[in-house]
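1. Make a model of this:
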Amino acid sequence: MATVLAMEGTRPRPRRGAGRFTAFLRAFIRDRQALAGLVIVAIAGGAAAAAPLISPWDPLKSVEVDRLSPPGTPGYLLGTDEQGRDILSRLIWGGRISLSSASCPPWPRASSHCSSGSWPATARACSIT
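-> Numbers count the residues shown, from 1 in each chain. Take a look at the predicted model:
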């Protein structure tokens, strides 16, 4: 007497993180407010990173004649402050400080992972195999 084993059809299991990430991207792309926020942050970050190239004036140089110019003054898109400094240039250059302070905190943690030997465990736990 022969025994017949019946096996149900098995589907290959998807990779652990691929489905979640794809679902996140689909939901993110459908959300218009999230995309608008991403565009605004990308523009502000790009302007801060390229401040030396796109800044119209020196942010520290003051011009006594142009003190307290209103927004829209020719040559000064956002006007000038009490000391005659261009406000747009100061905003762009100030964004560089914010950008650098936002990108610095991850580095101490990464260096502590590498030096303590916990990096291989973290990499193994996060790998998709």
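
2. buried set for stretch 51-71?
-> Of all the residues in stretch 51-71, those buried under the rule 16 or more other C-beta atoms under 10 Å are 51, 55, 57, 59, 66, 69. Every residue, glycine included, has its C-beta placed from N, CA and C.

3. With respect to pLDDT, which of those ranks lowest?
-> The weakest per-residue confidence within those falls on Asp66 (85).

4. isn't that residue right up against Gln83?
-> No: shown here, Asp66 and Gln83 do not form a contact pair, counting by C-beta atoms under 8 Å, at 10.0 Å.

5. Show me the helices in this protein, by range?
-> Taking DSSP state H as the criterion, the chain contains helices spanning 18-30, 32-49, 51-54, 87-103, 106-116, 119-126.

6. how about these, which one is nearest Tyr76?
-> Nearest of these to Tyr76, taken as C-beta to C-beta: helix 87-103 at 7.2 Å.

7. Quick check on the nearest residue to Lys61 once chain neighbours are set aside: phi, psi?
-> Taking C-beta to C-beta, 6 or more residues apart in numbering, and ignoring the residues beside it in sequence, Lys61 has Arg85 as its nearest neighbour in space, at 6.8 Å. Reported as degrees, to the nearest 10, the phi and psi values for Arg85 are phi -90, psi 140.
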